[in-house]
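1. Please work out how this folds:
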Amino acid sequence: MIKDIIQKADEKMNKTISVLKSDLSTLRAGRANPTMLDRIKVDYYGSPCPLSQVANISAPEPRVLVIAPWEKSLMKEIEKAILTSDLGINPSNDGSVIRLVVPELTEETRKNLVKVVKKTGEEAKVALRSIRRDANDKVKALKKDGEITEDEQKNAEDKVQKIIDSASKEVDTIVAAKEKEIMSI
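-> You can find the predicted model right below:
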């Protein structure tokens, strides 16, 4: 019973961390990275489809992304999807591929991106604390129903706390690494 609660809390915390990693990977840090385009959806015959499923995306140079659609008819749709996204990059179309030149980040843009990274990290920590609260509430309910002793309750809460401490440190490490990546020129 307690093992299940702790295991579920651990799984949820790991999912929170993986979501944080994927969210931060889509932020642009001055270098062209195909994951920047992960959130872009293209209208593919009436249904939204991830860009990576309708085109090949590569980064032949540090600041250039090349998008080669599998169907030439999708060129306009891909351009439209990029323009309406929050990337802030204008695509250039040469008829067979679309090129995205990632501009150098200004100091102000870097600082704003660091704020976004910190905010995203803090949101992940809030989610972790919520998971801890839910797990502790379940353990307290077991104690209240007389299914476990007070010592078992304390041990379970300590285990949950150790898991959240570890997850929190990992969030801090991920955020610090992304900040360093953004601030390095």
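2. Excluding residues flanking it in the chain, which one is nearest L20?
-> The shortest distance from L20 to any non-neighbouring residue, by CB to CB, 6 or more residues apart in numbering, is to A124 (4.3 Å). Where C-beta positions appear, they are placed from N, C-alpha and C, glycine not excepted.
3. should've said L51
-> I40 (4.5 Å).
4. Give me the phi and psi for the one you found.
-> Backbone geometry at I40, expressed as degrees, to the nearest 10, gives phi -80, psi 130.
5. isn't it right up against A81?
-> Yes: with contact defined as CB atoms under 8 Å, I40 and A81 form a contacting pair (5.2 Å).
6. Overlap of the contact sets of those two?
-> Shared contacts of I40 and A81, defined by CB atoms under 8 Å, 6 or more residues apart in numbering, comprise L51.
7. quick one: the residue nearest to L51 from E61, how far?
-> 20 Å (CB to CB, to the nearest Å).
8. higher neighbour count, those two?
-> I40 (20 against 13; other CB atoms under 10 Å).
9. Which elements pack onto the host helix or strand of I17?
-> Using DSSP states H and E, I17 sits in helix 2-25. Packed against helix 2-25, as judged by 3 or more CB pairs under 8 Å, 6 or more residues apart in numbering; DSSP states H and E, are the following elements: helix 107-144, helix 150-183.
10. Output those as a markdown table; include the columns mean pLDDT and distance to L87.
-> Formatted as a markdown table, these follow (pLDDT from 0 to 100; distance: least, CB to CB, whole Å):
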| stretch | mean pLDDT | distance to L87 |
| --- | --- | --- |
| helix 107-144 | 89 | 13 |
| helix 150-183 | 90 | 16 |
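11. out of the ones you listed, nearest to A32?
-> For the helices and strands packed on helix 2-25, the distance to A32 is smallest for helix 150-183, at 13.4 Å, taking CB to CB.
12. just the angle between that closest one and helix 2-25, please?
-> Counting by axes from the mean of the first three to the mean of the last three CA atoms, to 10 degrees, helix 150-183 lies at 10 degrees to helix 2-25.
13. Next, the angle helix 107-144 makes with helix 150-183.
-> Orientation check (the same axes, to 10 degrees): helix 150-183 against helix 107-144 gives 170 degrees.
14. pLDDT score assigned to A29?
-> You'll see A29 listed with a pLDDT of 64.
15. Quick check: the gap between V42 and L87.
-> Separation of V42 from L87 (CB to CB): 14 Å.
16. Who has more neighbours out of the two?
-> V42 (22 against 19).
17. Do I have it right that L128 meets K169?
-> No: checked against CB under 8 Å, the pair L128 and K169 is beyond contact range at 10.8 Å.
18. The closest residue in space to E152 that isn't next to it in sequence and S22: what is the separation?
-> Once flanking residues are discounted, E152 sits nearest to I2: 6.5 Å by CB to CB, 6+ apart. In this structure, I2 and S22 are 31 Å apart, going by CB to CB.
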